[in-house]
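A.B. asks: Here you go, sequence then predicted model.
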Amino acid sequence: MGQRDYDAVVERVEAVSGVDVYELGEVEGLPVLRVSAGKGDAPVVYINGGTHGDEPAGVEAALAFLEGGWERWVDGVRFEVIPCLCPWSYVHNARLNAQEVDVNWAFLRDDVPEIEILKGFVEGRVFAGVIDLHEDWESPGFYLYEMFGDRGPLGREMVTRVARVCPINKEAEIEGEVAVDGVIHPNMEVARRKYGEGIPIALYQRGHTGHLVTSESPTAQPMDVRVAAHLAAIEVMVEVNVYPQMNADERR
Ligand SMILES: [Zn+2]
């Protein structure tokens, strides 16, 4: 395919009303944008898209969320959204960046611009939840990876909600990990040995969040189905985890 139009992504972000937009830095001359939506002191959910440039459904879902979705929780949650962490990869429909690095597994490197941008953004921040939006070119259905702390897992509930809009991958093993009805609770030590320190592992193990979900939509499905799947997963993270927690804290 030809080059994807990143200007269109920037224009859609800038057209969202009621949010603050920041430029976190540039990759090959393309701005990486951060969108902040909601109350300043509320628990924060970080939504990330576009780490892999050949997985556009994550970018589309992040944009769709900004264009209509977050307002219903505006009194209790703040959203930090990076719709496209790797704009060069997105433009070129490439899994790797311009240096031929898989950014998702390059957290420990200090010479990758996308990683420097991400590190600058997460520095000193703790998120109530993080959801990283990806897609899988080979999977027959949606699945997710979940790392969770003391609030308990939400993966099963997410998959139940996603199943209303998108097929689920029900295989017992996905990408070499044990999966139960589309939910993988990864063995982080195995992943680390296999691939190095990935962004999700780093954000979770370095204390930036107690709940991290990597949402994988199936590329074989139409874009609107993949977007709906990601939005359903985001909805469960906010509604079941973060939003009630905030209300419980206020009642105390
Ligand atoms: Zn991916």
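C.D. replies: Alright, I've got the coordinates. Numbers count the residues shown, from 1 in each chain.
A.B. asks: May I have the phi/psi pair for the nearest residue to I201 once chain neighbours are set aside?
C.D. replies: Nearest-residue entry for I201: M188, 5.3 Å, with adjacent residues in sequence omitted and distances by Cβ to Cβ, 6 or more residues apart in numbering. C-beta coordinates here come from the backbone N, C-alpha and C atoms, glycine included. Note on M188: its backbone torsions stand at phi -70, psi -30 [degrees, to the nearest 10].
A.B. asks: Tell me what the closest residue to the ion within the stretch 101-250 of the chain is bridged to.
C.D. replies: Closest residue of the stretch 101-250 of the chain to the ion, Cβ to the ion: H134 (3.3 Å). Beta-bridge partners recorded for H134 (DSSP bridges): E216.
A.B. asks: For stretch 38-47, buried residues please.
C.D. replies: Residues of stretch 38-47 classed as buried by neighbour count (16 or more other Cβ atoms under 10 Å): 38, 42-47.
A.B. asks: Stretch 161-178 too?
C.D. replies: 161-163, 165-169, 174-175.
A.B. asks: so what's H185 closest to, chain neighbours aside?
C.D. replies: E146 is the one closest to H185 (Cβ to Cβ, 6+ apart), at 5.8 Å.
A.B. asks: Please list all residues in contact with the residue nearest to I201.
C.D. replies: Going by Cβ atoms under 8 Å, 6 or more residues apart in numbering, M188 touches 147, 201, 204-205.
A.B. asks: thinking again about what came up before, of all pairs in the buried residues of stretch 38-47, which one is the farthest apart?
C.D. replies: By the measure Cβ to Cβ, A42 and I47 form the most distant pair in these, at 14.6 Å.
A.B. asks: secondary structure class for the closest residue to E71 other than its chain neighbours?
C.D. replies: In space, E71 comes closest to G18 once its chain neighbours are excluded; the distance is 7.4 Å by Cβ to Cβ, 6+ apart. Under DSSP: H, G, I helix; E, B strand; the rest coil, G18 falls in the coil class.
A.B. asks: these two touch, right, G18 and G68?
C.D. replies: No: taking contacts as Cβ atoms under 8 Å, G18 lies outside contact range of G68: 11.3 Å.
A.B. asks: Could you list the contact residues of the stretch 51-200 of the chain toward the ion?
C.D. replies: 52, 55, 134 (Cβ under 5 Å from the ion).
A.B. asks: What is the nearest of those residues to A98?
C.D. replies: Closest to A98, out of all of those and judged by Cβ to Cβ, is H52, at 13.9 Å.
A.B. asks: pLDDT weak spots in this structure?
C.D. replies: 1, 150, 243-252 (pLDDT under 70).
A.B. asks: by contact count, what packs against the longest helix seen in it?
C.D. replies: Determined from DSSP state H, the single longest helix within the chain is helix 223-236. Packing partners of helix 223-236 (3 or more Cβ pairs under 8 Å, 6 or more residues apart in numbering; DSSP states H and E): helix 56-67, strand 129-136, helix 155-162, strand 211-218.
A.B. asks: again, only using 6 Å
C.D. replies: For helix 223-236, the packing partners by 3 or more Cβ pairs under 6 Å, 6 or more residues apart in numbering; DSSP states H and E come out as helix 56-67, helix 155-162, strand 211-218.
A.B. asks: Out of those, indicate the one that is most buried.
C.D. replies: Among the helices and strands packed on helix 223-236, strand 211-218 has the highest mean neighbour count (mean count of other Cβ atoms under 10 Å), at a mean of 26.
A.B. asks: what's the angle from that strand to helix 223-236?
C.D. replies: 160 degrees (axes from the mean of the first three to the mean of the last three Cα atoms, to 10 degrees).
A.B. asks: touching the ion at all, strand 211-218?
C.D. replies: No: for strand 211-218, no contact with the ion is found by Cβ under 5 Å from the ion; the gap never falls below 7.2 Å.
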